[in-house]
Each structure stands twice: as structure tokens, then as C-alpha cells.
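In: Next comes the sequence, and after it the predicted model I'd like to discuss.
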Amino acid sequence: MLKHNFSAGPCVLPQEVLKKAADAVLNFNDLSILEISHRSKDFVEVMEKARSLALEHLGLSGKGYTALYLAGGASMQFLMVAYNLMEKKAAYLDTGTWSAKAIKEAKMFGEVNIIASSKADNYNHIPKDYSVPDDADYFHIQTNNTIFGTQLKSTPQVNVPLVCDMSSDIMSRQRDFEKYDLIYGGAQKNMGPAGVTLVVVKDDILGKVSRQIPSMLDYNKHIASDSMFNTPPVFPIYTTMLTLEWLKENGGIDWVEKINNHKADLMYSEIDRNELFKGYVIDKEDRSIMNATFTMNEESLSDKFNSMAKDAGISGINGHRSVGGYRASMYNGLTVESVQTLVDVMRELEKKA
Ligand SMILES: *Cc1c(COP(=O)(O)O)cnc(C)c1O
């Protein structure tokens, strides 16, 4: 088995979470977790635990927010956000492929104002100087650009509701979460398997648009039914709950952030030191702690590097086709040891080159 999984998503999960999830498939209070009713007391407890842990980790318990676990992926949120929040126009920050996709969906509901974009530079940095008009219905951003390896380190100061796709850095670092009015993220990058998306919404931003909203796309309907409007993805939610418990037992976001920073330091130090490689992101402060993107200066060595990495048990480091080169995704479940293994292979290659 390849033991160092750097995949961008679905991604590596902590071994003990995988073990508990596997056990529950065979026996969860005398049935399989895959067989139980979502209305059973046992599953209702799982759902409530998963919802409350999400708010607790983000420091948002008792602050007017609701956590929902919805199907359809983060991509579904691209349209749900606009459906529920856009009356006339909304502002979007264009920092990558996922922003572009969110913008495309939002355009079906009103005027989309792209207030800044780094597209012309193939998204190798985060635009900094911009202001968001006060008459926008909301401002939409991505904190981490999974494909390009950039990350917004600070929180934009705006006077309109702030909506954020945190798919690939949710639960990985502290932020001023109270400054965000709606946060969403597909589970498969930092929390669990594919199939469920966490949505954390501040209740008072809802119910303000005049259009009719289909039930399945209406946040208020999901809130009213405690995130059980229809059959929820039981197993992904259970596994997400296990990951959030794992995070809590170890010390929460504060704990994992330190480890994530350490892993990123190890990785970027080697990218900068080793002359065979070059970082993709221009501005060092924009470098993602989660996804390190880099290219090789000598293409002729790539076959050798790929086979050495594979021999060391490394998988998932190929870059996305729109960037090329390599991408090391270092989500919460990835160990320091895995990063060290990749760094060792890069050094080994340098010696042999
Ligand atoms: C992966 C990803 C998405 C898409 O998620 P799906 O759950 O596949 O729809 C959206 N935004 C970001 C930032 C992502 O990394």
C-alpha cells in the first residue's frame, strides 16, 4: 500500500478514524452504520454531535450560527448561496478555478461584480488592493485555492455578508470565524470522505430574498428540519464526526494549525533550497499551508523523481493540469513523517542528478 497520500481530494484521513469507520460498517450498535435509519436515535445523535462539534471547533457555538450537513458537494453551494442570498447583485473575488465556477453559477441569479482577479497570471497570487461596494448582497471568497496553491491568510474587512468556500482549508487553521456569515466546505479535503458538505450559516442573513426557493435548496428548510430534510449521507457524516472528535481529543484547530505550519515549513524550505525545484506561487505570503505547488526545473528528471517517490510509498503529488508540475496536499490527516519522506526523496534526487 502507498502510505504517504498527498492527494488533493478526496484525501488522507487519520488512521484511527479509518479504523473506527471500518468497524462501524460491520457493527454499529448491532447493525451496520450503512443499514441504520437516519431517523434512529443512534444516528440522530451522530448528526447532532457532528453539527455541534463543527460549531465548537470554529468557536461559533451559541453565536447565532447553524451547522448543516448537505449533499451535492461544495459545487452545489455555488448555486445555493446565490439562490438564498442574492437579490440583485453580489461581489466575487476571482482567485482560481473554483471561484470561476462559483461565479458562473451566481450569474444565473443576478449581477455578479468580479471585484478583483488574478486570472491573467494563471492565479499565481491573491489580489490584494480592492474594495467591496456596500450595496452588494454579499461578498464571496475562497480562502484556499486548492489547484493553484494560494491561500488568503487574512480576512477581508467588508460591510456586507461575507460568504466563504473553505473546502480545502476548513478546520486547518484559526481565523476570525465570527467575521464570516456563511462558511461551506466539501468534507473530502479535511474532514471525511466525499459525499457531504458542511455549511455553517449565520441565521440572520437568511430569508431576505424575494424569489421562491425550491425546498432542497433552501437553507431555512434544512435548518427547520435539523439537517434531516431528506435522507442525509449517513456514512460520510459519521466519518466526519469521527474526524472532528479526533481533532478535539488532540487539541482542536490550535493543535493542528501548529502541525500544519510545521509541515508547510518543511515542504517550502526544501522547494526553495533545492535547485531542481521551483515554487509556483509568486508571493510567499500567499503560499497555501495546505497545497504546495511546484515545478521541476529540469523536466528530464521527472520520470526519475516520479519513480523514486513511488518507491518511497508516496502517491498523489502530480499537479493539476492547469498548473502542471507537482502539488503536495498536506491536509490535517497527513503526518509530518509523510512530508519528511517527500523532502528526503527531493534531496536524494538532487544528489543523484
Ligand atoms: C474541491 C473544491 C470544490 C469542489 O468540491 P465538490 O465537493 O467536488 O463540489 C470547491 N471549492 C474548493 C476550494 C475546492 O477545493
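Out: Looks like it came in fine. Residues are numbered from 1 along each chain as shown.
In: CA atoms for contacts and neighbours, from now on please.
Out: Fine.
In: From the ligand, how far out is residue 221?
Out: Summarising the geometry, the distance separating residue 221 from the ligand, computed by CA to the nearest ligand atom, to the nearest Å, is 21 Å.
In: actually residue 14, sorry about that
Out: The spacing between residue 14 and the ligand, counted by CA to the nearest ligand atom, is 19 Å.
In: How many neighbouring residues does that residue have?
Out: Counted by other CA atoms under 10 Å, the residues lying close to residue 14 total 17.
In: isn't it right next to residue 334, touching?
Out: Yes - with contacts defined as CA atoms under 8 Å, residue 14 counts as touching residue 334 at a distance of 7.4 Å.
In: per-residue confidence at residue 166?
Out: pLDDT, the model's per-residue confidence, is 98 for residue 166.
In: Now do the contacts for the nearest residue to it once chain neighbours are set aside.
Out: The shortest distance from residue 166 to any residue other than its chain neighbours is 5.0 Å, reached at residue 185 (CA to CA, 6 or more residues apart in numbering). For residue 185, the residues meeting the contact criterion (CA atoms under 8 Å, 6 or more residues apart in numbering) are 73, 74, 165, 166, 167, 168, 170, 197, 198, 199.
In: Enumerate every residue touching the nearest residue to the third one once chain neighbours are set aside.
Out: Just to be clear, that refers to residue 165. Excluding the flanking residues, the one nearest residue 165 by CA to CA, 6+ apart is residue 142, at 4.7 Å. Contacts for residue 142 were tallied using CA under 8 Å, 6+ apart; they are 93, 95, 98, 99, 152, 164, 165, 166.
In: For residue 142, give its distance to the ligand.
Out: Separation of residue 142 from the ligand (CA to the nearest ligand atom): 6 Å.
In: what's the distance between that residue and residue 189?
Out: 14 Å (CA to CA, to the nearest Å).
In: What of residue 143?
Out: Residue 143 is 13 Å from residue 189, where distance means CA to CA.
In: and the stretch 1-150 of the chain, which residues reach the ligand?
Out: For the stretch 1-150 of the chain, the residues in contact with the ligand under the definition CA under 6 Å from any ligand atom are 73, 74, 75, 98, 142, 144, 145, 146.
In: Okay, strands next: where are they in the protein?
Out: According to DSSP state E, the chain carries its strands in the segments 4-5, 65-70, 89-94, 111-117, 139-142, 144-145, 150-151, 162-165, 182-186, 197-202, 277-279, 291-296, 314-315, 326-329.
In: With that, I have no additional questions.
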